[in-house]
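Asker: turn this into a structure:
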Amino acid sequence: MKSNVIVKRVVNVALTVTLLLLMAFQVTEQLAHEWLGITMFVLTIIHQILNRKYYAAIFKGKYHPLRIFQLIVNILLLLSFVCTALSGMMMSRFATPFMNGILPSTIVRQGHLALSHWSFVLMGLHLGLHFGIIASKLKNRTVKIVAGAVMGGVSVYGFYLFFKSDILKYMLFQNPFAFLDYSKAWWPVLLENLSMLLAWAFAAYLLSLGLKKLMRKKRNI
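Answerer: Numbering: from 1, shown residues only. As a prediction, this is how the structure comes out:
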């Protein structure tokens, strides 16, 4: 395996783990949350540099529905990551306190809350668009069925948690404050966040399969 591929995979895993920790504020609390945010910002920059060939090819080739969907998700994810990081820095008490007061705190706080959840959902969709690579390596039909059933179950639970937690209200700027359960241990919080992330990832994967099937039908007409 080439070294740049290994680096990309390490960065991708680090981004996912850091995001899960960032969404668990009740576990990490303020100081760690801020430095995890800085880490996420740096990893995002590294990720863009490692994938610079993708941006160089944006205006090349034909655009089919799946490629359009991928482009929309990738651009929105990058914008949401950057805006989430900047709004977080404007509220920082430890990492970047010199950025306090650039914008009114109420606007920054609610924007950060909404954008962080948009980043979470978009990250799930982004991950799901790469599930096909993993699925292609599963040659045994039984293994594929079991893996699909497990992912389906996890996704149902993940979407249940997503709507139960009223995350849509955060995303639509309807909740100015985060309501977190500080009585929970760290591991169920992280597992619940992972379930919600995988739910969006599996949804994107199924959508990509549907778009590929549609594209094949159009070619055969």
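Asker: rest of the way, CA atoms for contacts and neighbours
Answerer: Noted.
Asker: give me the residues contacting the helix or strand of the chain with the lowest mean pLDDT.
Answerer: The helix or strand of the chain with the poorest confidence is helix 131-136; it has a mean of 84 (mean pLDDT, DSSP states H and E). The contact list for helix 131-136 (CA atoms under 8 Å, 6 or more residues apart in numbering) reads 144, 201, 202, 205.
Asker: quick one: which of those has the most company?
Answerer: In terms of neighbours by other CA atoms under 10 Å, the contacts of helix 131-136 top out with residue 201 at 25 neighbours.
Asker: in helices, which of the contacts of helix 131-136 fall?
Answerer: 144, 201, 202, 205 (DSSP state H).
Asker: for those, which one is nearest residue 124?
Answerer: Closest approach to residue 124 among the ones in helices among the contacts of helix 131-136 (CA to CA): residue 201, at 4.4 Å.
Asker: tell me who's in contact with the closest one.
Answerer: Taking CA under 8 Å, 6+ apart as the criterion, residue 201 is in contact with 123, 124, 125, 126, 127, 128, 129, 131.
Asker: buried among those? Make that a ChimeraX selection.
Answerer: Only the buried entries of the contacts of residue 201 go into this ChimeraX selection, using 16 or more other CA atoms under 10 Å:
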select :123,124,125,126,127,128,129,131
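Asker: could you dump the contacts of residue 201 into a markdown table with secondary structure and distance to residue 8 added?
Answerer: What follows is the contacts of residue 201, written out as a markdown table (DSSP: H, G, I helix; E, B strand; the rest coil; distance: CA to CA, whole Å):
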| residue | secondary structure | distance to residue 8 |
| --- | --- | --- |
| 123 | helix | 16 |
| 124 | helix | 18 |
| 125 | helix | 18 |
| 126 | helix | 15 |
| 127 | helix | 14 |
| 128 | helix | 17 |
| 129 | coil | 16 |
| 131 | helix | 16 |
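Asker: distance to residue 155 for the contacts of residue 201 - can I get that in a markdown table?
Answerer: A markdown table is the format used below for the contacts of residue 201 (distance: CA to CA, whole Å):
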| residue | distance to residue 155 |
| --- | --- |
| 123 | 15 |
| 124 | 11 |
| 125 | 13 |
| 126 | 15 |
| 127 | 14 |
| 128 | 12 |
| 129 | 15 |
| 131 | 14 |
